[in-house]
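Engineer: I'd like to go over a predicted model; first the sequence, then the structure.
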Amino acid sequence: MATATTAPHRGSARFVRGRTRPRIRVVHWAFAGPAAALFIVFFAYPLGASLYQSFTNDDGGTQTWAGLAQYRRMLHDPVFWKSLYNTGLLLIFQVPLMIGIALVLACVLNQSWLRFKGTWRIAFFLPSVTMLVAYAVVFRVLLKTDGGMVNQALGWFGVSPVDWLNNPVWARVSLIGTITWRWTGYNAVILLAGLQSIHREQYEAAAIDGAGAVTTFRKIVVPQLRPVILFCSITSTIGTLQLFDENFVLTKGGPDNATMTPVLYLYKVGFDQMDFSYASAIAWAVVLIIGVLSVIQFRFFGQSENTARDARKVSSGRRRR
Amino acid sequence: MTLNPQHLRRGLVLLALTVGAFISVLPFYWMVVAATHSNDELFHSPPPFVPGGHFISNIKSLESSVGFSRVMLNSLGIAVVYTLISGLISAMAGYGLAKYRFRGRGLLLALVLTTMMVPFQVLLVPLFQMMSNLGWVNTYQAVIVPFLANSFGIFLMRQAFLDFPDELIESARIDGSGDIRTFYRIVLPVVKPQLGALAIFTFMSQWNSFLWPLLMLDSQDKYTAPVALYTLVGGTHVDYSGLILGSFLATLPLMLIFFIFQKQFVSGLLGGAVKG
């Protein structure tokens, strides 16, 4: 058979016909061509343009070279620092809280004695199917200070109304709660998929050895699930660093910039104040921070490099535009 | 039934699970309740607990305030067109990268990977300027065209095609099938599952897309659902019932897709990265 001689194994002898008849190469480019052209026009060019603009000064539409002026300005901009601080708070409190709950939830949903597993899973997954802006809108109305459902419900227990979205501390709590509501079930389903690949015998062996639920969790579940937990952490970290929709709809970054994030600040500087140069510098700072965090995560979880790479691929697919 | 420690423990776990599921699902139920009541009823104390009779009047007010049926059609049209074209481009580029050796292949692959690592917000300012210069502001193509080359999709499809046996392509060639014909007739049908998962994933991300359409679309007849909802929430006299009804309707297509394609849906969400 001809096939056996022309294609011994994948990867080595890819179609050499092009070499003997060069004209055919047009066809080869025809497949990748549209994507390549689009990438050059709508990615490579704007990427360069944005880097250049971050080193300019925007003076009523005309841009002049300004070196590192915009970056220096950023270092002394309290709003920029506050947006980073807020992101840090989310990374420290929201991400671990959410992944912790998701992990416990996944373990419970994986219990053999639990019935109606599919129904439970749908119930917890449903929030992550909502439209991003729509769920933020819903929470904004639920958290309304006078007459909002949350305050009404608290009232039944004698708690006086909380000014959820207009108090700096409560606004952050609201943002954390809102994001946690939407993404916990999503992460739990991913973790559950990981849990299901752990063999039943391991649990049984642990049970025979007299390990309780907590010991089993610590000694068997967590170590085996490490790559999946890492996957969830990285996708959540990248998502947090690019947060925009939720805080924009809930609070517009307020009150007093308590829920300002770098991307929202970039939006305000660029398209409210129309300062394109400074906005570009902020954008590159975000790139730099994501890059640095990625390197740290790579170092930290060196053995799970593939997971880290997968996570960033999925984040890019999930990126919010 | 005797109450032994194991039963007690399971009972407590079930209780916690029920509370969690309740919090998870309650906002959906509340959306249905809120969407069928008038504004006054909504913030009345005690609040309504069962669906009311204002569904039709809320639909009408939503239609008169932002032209919501047009908004939904815009969203749907943009998402469908984007999904189809970017899916085709991803499949073609993925195939080209997986099965052909051509000059610039390595460079293109590097470009795909870079796109994945760079957050889109960096492109915001230059893309905005580009669209203004092209006169594309407030057009559908401004929302669709800049993101047609979807690096995630290309990568996913390339992965799918790498597993496709070269022998099949070679024998098709020997039988006299041209490259493009082979692609459509022989290769593409085999990767249908991956294409389907990619389509679900792409449709959802386009349906959710907010920041870019917000910048590009500024007349009501062009709004997509997220942009329309945002303008409603920012007004001085907020029609809360209409707003919640709009949010519900905007979420409905995503929920439908979820219930119809549950299996592909989860693998689509994971982007095939974690194997269950």
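Structural biologist: Yep, that arrived.

Engineer: what's the span of stretch B:42-53 from first residue to last?
Structural biologist: Stretch B:42-53 has an end-to-end distance of 12 Å (Cα to Cα, to the nearest Å).

Engineer: contacts for it next, please.
Structural biologist: Stretch B:42-53 is contacted from outside by A:144, A:146-149, A:152, A:155, B:32-34, B:36-38, B:41, B:240-241, using Cβ atoms under 8 Å, 6 or more residues apart in numbering or on different chains. Just so you know, the C-beta spots here come from the backbone N, C-alpha and C atoms, and that holds for glycine as well.

Engineer: next one: it to chain centre, how far?
Structural biologist: Chain-centre distance of stretch B:42-53: 32 Å, with Cα atoms, centre = their mean, to the nearest Å.

Engineer: is the helix or strand containing residue A:39 anywhere near chain B?
Structural biologist: Using DSSP states H and E, residue A:39 sits in helix A:25-39. Yes - applying Cβ under 8 Å from any Cβ of the partner chain, one finds helix A:25-39 touching chain B at A:25, A:27-36, A:38-39.

Engineer: can I see the domain layout of chain B?
Structural biologist: As recorded under automatic domain parsing, the domains making up chain B are B:5-55, B:67-234.

Engineer: look up the pLDDT of residue A:316 for me, please.
Structural biologist: On pLDDT, residue A:316 comes in at 63.

Engineer: quick one: the helices in the stretch 101-250 of chain A, in order.
Structural biologist: Ranges of helices in the stretch 101-250 of chain A, per DSSP state H, counting those that start in this stretch, are A:117-125, A:132-142, A:149-156, A:168-195, A:200-208, A:213-216, A:222-241, A:245-250.

Engineer: in the longest one, what's buried?
Structural biologist: Neighbour-count burial for helix A:168-195, with 16 or more other Cβ atoms under 10 Å in any protein chain shown as criterion, is recorded at A:170-172, A:174-195.

Engineer: distance of the spatially most central residue of chain A from chain B?
Structural biologist: The centre of chain A sits closest to residue A:239, judged by Cα atoms, centre = their mean, with a distance of 1.9 Å. With the distance defined as Cβ to the nearest Cβ, to the nearest Å, residue A:239 ends up 11 Å from chain B.

Engineer: for that residue, give its distance to residue B:110.
Structural biologist: Distance from residue A:239 to residue B:110, counting by Cβ to Cβ, to the nearest Å: 25 Å.

Engineer: ditto for residue A:85
Structural biologist: With Cβ to Cβ as the criterion, residue A:85 and residue B:110 are 35 Å apart.

Engineer: so between these two, which is more surrounded?
Structural biologist: Higher neighbour count among residue A:85 and residue B:110: residue A:85, with 14 against 10, using other Cβ atoms under 10 Å in any protein chain shown.

Engineer: quick check: buried residues in the one helix or strand that one maps to?
Structural biologist: Taking DSSP H and E as the criterion, residue A:85 maps to helix A:78-89. By neighbour count on 16+ other Cβ under 10 Å, the buried set for helix A:78-89 is A:80, A:82, A:83, A:84, A:86, A:87, A:89.

Engineer: is it correct that the third one is in contact with residue A:264?
Structural biologist: Yes - counting by Cβ atoms under 8 Å, residue A:83 sits close enough to residue A:264 to count as a contact (7.2 Å).

Engineer: spit out the residues that contact the two alike.
Structural biologist: Joint contacts of residue A:83 and residue A:264 (Cβ under 8 Å, 6+ apart) are residue A:253.

Engineer: what sits against the closest residue to residue A:56 other than its chain neighbours?
Structural biologist: Nearest in space to residue A:56, with sequence neighbours left out and distances taken as Cβ to Cβ, 6 or more residues apart in numbering or on different chains, is residue A:63 at 4.0 Å. Residue A:63 is in contact with A:53, A:56, A:57, A:276, A:277, counting by Cβ under 8 Å, 6+ apart.

Engineer: if we go to 7 Å?
Structural biologist: Applying Cβ atoms under 7 Å, 6 or more residues apart in numbering or on different chains, we find residue A:63 in contact with A:53, A:56, A:57, A:277.

Engineer: who's it bridged to?
Structural biologist: Under the criterion DSSP bridges, residue A:63 forms beta bridges with residue A:58.

Engineer: could you check the pLDDT of it?
Structural biologist: 80.

Engineer: and the gap between it and chain B?
Structural biologist: 11 Å.

Engineer: buried members of the contacts of stretch B:42-53 into PyMOL, please.
Structural biologist: Here is the PyMOL command that selects the buried residues among the contacts of stretch B:42-53 (16+ other Cβ under 10 Å):
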select buried, (chain A and resi 144+147+148+149+152) or (chain B and resi 33+34+36+37+38+41+240+241)
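
Engineer: isn't residue B:251 up against residue A:132?
Structural biologist: No - contact between residue B:251 and residue A:132 fails when scored by Cβ atoms under 7 Å: they sit 9.9 Å apart.

Engineer: okay, those two: which has more neighbours?
Structural biologist: residue B:251 (23 against 20).

Engineer: surely that one is in a helix?
Structural biologist: Yes - under DSSP: H, G, I helix; E, B strand; the rest coil, residue B:251 sits within a helix.

Engineer: burial measure for residue B:83, as a count.
Structural biologist: Using other Cβ under 10 Å, residue B:83 has 22 neighbouring residues.

Engineer: please identify the helix or strand for it.
Structural biologist: Using DSSP H and E, residue B:83 maps to helix B:68-99.

Engineer: mind listing what residue B:183 touches?
Structural biologist: Contacts of residue B:183 (Cβ under 7 Å, 6+ apart): residue B:95.

Engineer: helix, strand or coil: sort out it for me.
Structural biologist: Per three-state DSSP, residue B:183 ends up helix.

Engineer: what ranges in the chain fall below the confidence cut-off?
Structural biologist: No chain specified, so I'll use chain A. Across chain A, the ranges flagged by pLDDT under 70 are A:1-25, A:60-61, A:297-298, A:300-309, A:311-321.

Engineer: should've been chain B
Structural biologist: Looking at chain B by pLDDT under 70, you get B:1-3, B:264-276.

Engineer: tell me the residues of the stretch 101-250 of chain A that contact chain B?
Structural biologist: By Cβ under 7 Å from any Cβ of the partner chain, the part of the stretch 101-250 of chain A that sits against chain B consists of A:105, A:108, A:113, A:120, A:123-124, A:126-127, A:129-134, A:137-138, A:140-142, A:147, A:149, A:152, A:185, A:189-190, A:193-194, A:196, A:228, A:231, A:242, A:244-245, A:249.

Engineer: show me which residues of the stretch 151-276 of chain B sit near chain A.
Structural biologist: B:151-152, B:154-155, B:166-167, B:170-171, B:174, B:179-180, B:201, B:205, B:207-212, B:215, B:225-226, B:229-230, B:233, B:240, B:243-244, B:247, B:250-251, B:254-255, B:258, B:266, B:270-271, B:273-274, B:276.

Engineer: the most centrally placed residue in chain B sits in which helix or strand?
Structural biologist: Central residue of chain B (Cα atoms, centre = their mean): residue B:204, 1.0 Å from the mean position. Taking DSSP H and E as the criterion, residue B:204 maps to helix B:192-208.

Engineer: measure how far that helix is from the centre of its chain, please.
Structural biologist: Distance, stretch centre to chain centre, for helix B:192-208: 7 Å (Cα atoms, centre = their mean).

Engineer: check stretch A:226-234 too.
Structural biologist: Centroid separation between stretch A:226-234 and its chain, computed with Cα atoms, centre = their mean, is 12 Å.

Engineer: give the buried residues for that stretch.
Structural biologist: Of the residues in stretch A:226-234, A:227, A:228, A:229, A:230, A:231, A:232, A:233, A:234 count as buried by neighbour count, 16+ other Cβ under 10 Å.
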